[in-house]
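> Predicted structure and sequence below. I'll ask about it afterward.
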Amino acid sequence: MSIKYIFRLFFLIVISWFVSQYSLFSLSKVFSAHRKFRESQYHNAHRTSVQHVVSSSKPNSSSKFKYQYHATNRDYQDDLEENGCKKSNNPIVFNTRNDFGELLENEGAKIGVELGVQEGIFAEHTLKHWHSAEKYVLVDAWKPLENYEDLSNKKQTEHDKLYDKAMWRLSQFHNVDIDVCRNFTSKCAIRFPNEYFDYIYVDARHDFKGVTIDLNGWWPKLKPGGIFAGHDYVTQFEGPEQTGQNWTKQFDGSIDYTRTAVKGAVQKFAKFHKLKICTQNKNTSWPSWAIRKPSKNVIDKKLKLKPFNTCVVSFIFGKKFSVYKNSLAANKEKYCARHS
Ligand SMILES: C[S@@+](CC[C@H](N)C(=O)[O-])C[C@H]1O[C@@H](n2cnc3c(N)ncnc32)[C@H](O)[C@@H]1O
């Protein structure tokens, strides 16, 4: 073989080596950017959801059509809901919400909160069956609320009576620390540290936007593995309309053109977090929903892209290739160490 061919071959090898290096490096950049995007999406969940709701509330004709379509499209729900979540690893099986007390007892849960208490009927029922409860937080404004076309919206004198009744009902639970926050749900949320509760029951406002704010505001307060649940898993057409309530009117006066109310907000939330909604087994009116908060390592897995590519690329080329050394070596440390 002449020196000319050897030189050409050598030149070809060098060029292909540079090209492969460059594509691998770009690939690792793409994966890393995508991972960062997923993380920021997760951490900005609250902002994103509220922004979406605000845009869906604008009364322009195209959005009206789009969301009405969603509201009546049954397929939209089917991939999210599963009666009792029996197939999942950690099911929450209940026939009605009256089973929650026993369920929490069996789970060994200790601390719970109810958003929207009224006269404390459900709180009393839950605690009667949840014998080892240590703390139960009652959150309710117990005052007339604006833009709340709901049977629970009463005059102040009636709210005061409901408050007294709730206090009287719950005074029987001597072993439970009953903590009352008489304020808006959003104000009460900031009183508690993150990952504090084993159980959170959402039953305050019923409009899409109001429920979305409660879901996003209280979700961080739930421990991994805890139960996030709530009442009235219905759209405007599945009960509120028939009982003279208007749950499409939102707390800021805007209209929810999706008309999906609590159901729409819970589904959007579950879809965003890629979680299953466990619904009641019995087909009753005003059903409850429940979602299990994934354990920490499951959240990590969902959040972070599998680091295999970045890890391998950086492991092989990180130290040798001086131009890319810093970023690849940093990636190696970041990904390989965290996931090994
Ligand atoms: C449907 S009732 C709760 C019923 C109770 N969970 C039960 O099942 O016995 C809703 C309550 O939530 C309260 N509420 C509604 N929106 C609220 C908000 N944003 N902040 C605080 N309380 C609110 C109302 O005052 C009302 O008493």
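Structure received.
> rest of the way, CA atoms for contacts and neighbours
Noted.
> Which helix or which strand is home to residue 229?
Per DSSP states H and E, residue 229 falls inside strand 222-230.
> separation between residue 239 and residue 232?
Look at residue 239 and residue 232: by Cα to Cα, to the nearest Å, they are 9 Å apart.
> nope, residue 280 is what I meant
Separation of residue 280 from residue 232 (Cα to Cα) stands at 11 Å.
> quick one, which of those two is more surrounded?
residue 280 (22 against 19; other Cα atoms under 10 Å).
> Nearest residue to that one in space, ignoring adjacent ones along the chain?
residue 95 (5.2 Å; Cα to Cα, 6 or more residues apart in numbering).
> My read is that that neighbour contacts residue 284, right?
No - the pair residue 95 / residue 284 is not scored as a contact, 9.4 Å apart, by Cα atoms under 8 Å.
> And residue 213, its phi and psi?
The phi/psi pair for residue 213 (degrees, to the nearest 10) reads phi -70, psi -40.
> Contact residues of the chain facing the ligand?
Contact residues, the chain versus the ligand (Cα under 6 Å from any ligand atom): 116-118, 120-122, 140-143, 152, 183-185, 203-205.
> Of those, keep whichever come out buried.
116-118, 120, 122, 140-143, 152, 184-185, 203-205 (16 or more other Cα atoms under 10 Å).
> of all those, which comes closest to residue 110?
residue 122 (17.2 Å; Cα to Cα).
> Which neighbouring residues are in contact with residue 261, exactly?
By Cα atoms under 8 Å, 6 or more residues apart in numbering, the contact set of residue 261 is 206-208, 211, 234-236, 247-248.
> tell me the SS of the residue in the stretch 201-340 of the chain that the ligand sits nearest to?
Nearest residue of the stretch 201-340 of the chain to the ligand (Cα to the nearest ligand atom) works out as residue 204 at 3.5 Å. At residue 204 the chain is in coil, as set by DSSP: H, G, I helix; E, B strand; the rest coil.
> What are the boundaries of the helices in this protein?
When secondary structure is read from DSSP state H, the chain shows helices at 3-43, 45-57, 61-72, 75-78, 100-107, 121-129, 156-170, 185-189, 208-218, 261-273, 296-303, 308-317, 322-331, 337-339.
> Output the below-cut-off pLDDT ranges for the stretch 201-340 of the chain.
Scanning the stretch 201-340 of the chain for pLDDT under 70 picks out the ranges 297-340.
> go with 90
276, 279-285, 295-340 (pLDDT under 90).
> Domain ranges for the chain, per the record?
1-56, 76-299, 306-339 (automatic domain parsing).
> deepest of the ones you listed, which one?
With neighbours taken as mean count of other Cα atoms under 10 Å, the domains of the chain reach their highest mean count in domain 76-299, at a mean of 19.
> got the contact list for stretch 279-298?
Residues contacting stretch 279-298 (Cα under 8 Å, 6+ apart): 81-85, 90-97, 222-234, 239, 270, 275-278.
> backbone phi and psi for the residue nearest to residue 280, please?
Torsion angles, degrees, to the nearest 10, at residue 95: phi -90, psi -50.
> give me every residue that touches it.
280-282.
> With distance to residue 129 added, can I get those in CSV?
Shown next, in CSV, are these (distance: Cα to Cα, whole Å):
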residue, distance to residue 129
280, 18
281, 20
282, 20
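> Show me which of these is closest to residue 14.
Closest approach to residue 14 among the contacts of residue 95 (Cα to Cα): residue 280, at 64.7 Å.
> any idea how far that closest one is from residue 98?
Look at residue 280 and residue 98: by Cα to Cα, they are 11 Å apart.
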